[in-house]
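> quick one: sequence plus predicted model below, questions after.
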Amino acid sequence: MERELLDSEERARVWIGETFAPSSRQWEYLERFAELLIAENDRQNLIAASTIPNLWVRHIADSAQLLALDQRNGDGLWLDLGSGAGLPGIVVAILNGRPMALVESRKLRCEFLREVIDALQIGHVEVIEAPLERIETRAAATISARAFAPLDKLIDLSTRFSTESTRWLLPKGRNAVKELALLPQPWQRMFHVEQSRTDAESQILVGTGQIGDKQRGKR
Ligand SMILES: C[S@@+](CC[C@H](N)C(=O)[O-])C[C@H]1O[C@@H](n2cnc3c(N)ncnc32)[C@H](O)[C@@H]1O
């Protein structure tokens with residue numbers, strides 16, 4: 001069955017309500033995050049100004065849809081790479097209590113992320129202010145990365161955080177299938193393609209497992 005496209009702010013909110021049943025506090029946090037994001041966008045370029053009228057579709061629901069693809073609870077770490085303004089990491093963390101690590105190399109963006117965490121009192125979120133290449137290796141239950149790097153580079157940089165049960169959630173816009181086809185076969189087989197709920201032409205690569213050196217060698 002074809003999925004409903006979240007093509008209006010109202011539909012995006014209704015879908016979030018139906019999918020995650022947020023508490024009134026979680027709704028308040030999503031609203032507050034949206035306000036902080038818009039305000040901060042005057043100071044630093046976090047999101048394209050043209051997307052602000054559709055913020056709930058383009059950023060909030062677009063981020064939340066990743067959580068719908070991995071609704072595991074518990075204490076498995078969610079690692080969000082190149083988090084920028086906290087997309088998808090902050091949205092996911094508002095809706096889910098799993099530990100969240102936001103990896104972001106730019107100082108100003110990290111300052112904003114820490115302000116949001118303080119304002120919303122979401123203590124299960126940490127900001128790792130460093131290039132991904134330099135951070136300590138930790139096992140991630142989930143790895144997300146929105147608009148971070150081309151797929152082959154992204155996988156190269158993040159393989160060391162994966163385990164056999166790692167869920168990879170990689171929104172890849174219109175080039176998802178093309179980028180996937182460029183990977184070595186063993187990596188390709190780990191992924192399937194999900195249609196984005198927020199953009200008819202965008203897709204998300206969803207994978208499970210550890211990408212090891214051996215597989216890399218079988219190019
Ligand atoms: C295009 S932005 C996307 C931000 C956010 N994920 C989003 O979808 O709005 C890419 C982000 O990745 C960060 N970034 C780029 N290379 C990085 C690296 N090697 N390590 C950590 N962060 C990096 C940039 O500073 C930037 O904030």
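In hand now; what should we look at?
> which residue packs closest to the residue most central in space within the chain, ignoring adjacent ones?
When C-alpha atoms, centre = their mean is applied to the chain, the residue found nearest the centroid is residue 88 (3.5 Å). Spatially, and ignoring its direct neighbours in sequence, residue 88 is nearest to residue 63 (3.2 Å; C-beta to C-beta, 6 or more residues apart in numbering). Quick note: C-beta positions are derived from backbone N, CA and C, even for glycine.
> quick one: that neighbour from the ligand, how far?
Per C-beta to the nearest ligand atom, to the nearest Å, residue 63 is found 8 Å from the ligand.
> surely that residue and residue 95 touch.
No: the criterion here is C-beta atoms under 8 Å, and residue 63 misses it with residue 95 at 9.1 Å.
> returning to that earlier point: where's the residue nearest to residue 88, which helix or strand?
Taking DSSP states H and E as the definition, one finds residue 63 inside helix 62-68.
> quick one: strands adjacent to the following helix or strand past that helix?
Next along the chain after helix 62-68, taking DSSP H and E as the criterion, comes strand 78-81. Strand 78-81 sits in its sheet next to strand 100-104 (parallel), strand 142-145 (parallel), going by DSSP bridges.
> distance check, the residue nearest to residue 68 when sequence neighbours are not counted against the ligand.
Nearest residue to residue 68, sequence neighbours excluded (C-beta to C-beta, 6+ apart): residue 19, at 5.6 Å. Look at residue 19 and the ligand: by C-beta to the nearest ligand atom, they are 20 Å apart.
> ranges for the helices of the protein?
9-20, 24-41, 55, 62-68, 89-95, 107-120, 151-158, 176-181, 185-188, 213-217 (DSSP state H).
> could you pick out the residues of the chain near the ligand for me?
By C-beta under 6 Å from any ligand atom, the part of the chain that sits against the ligand consists of 82-85, 87, 103-106, 109, 131-133, 146-148.
> which among the residues you listed gets closest to residue 125?
The nearest member of the residues of the chain next to the ligand to residue 125, counting by C-beta to C-beta, is residue 83 at 9.8 Å.
> quick one: that closest one from residue 184, how far?
For residue 83, the distance to residue 184 equals 27 Å [C-beta to C-beta, to the nearest Å].
> how about residue 81?
Separation of residue 81 from residue 184 (C-beta to C-beta): 20 Å.
> ok, the two, which is more surrounded?
Ranked by neighbour count (other C-beta atoms under 10 Å), residue 81 and residue 184 place residue 81 first, with 24 against 15.
> surely the more buried one and residue 148 touch.
Yes: Residue 81 lies in contact with residue 148 (C-beta under 8 Å); the separation is 5.1 Å.
> what touches both of those two?
Shared contacts of residue 81 and residue 148 (C-beta atoms under 8 Å, 6 or more residues apart in numbering): residue 154.
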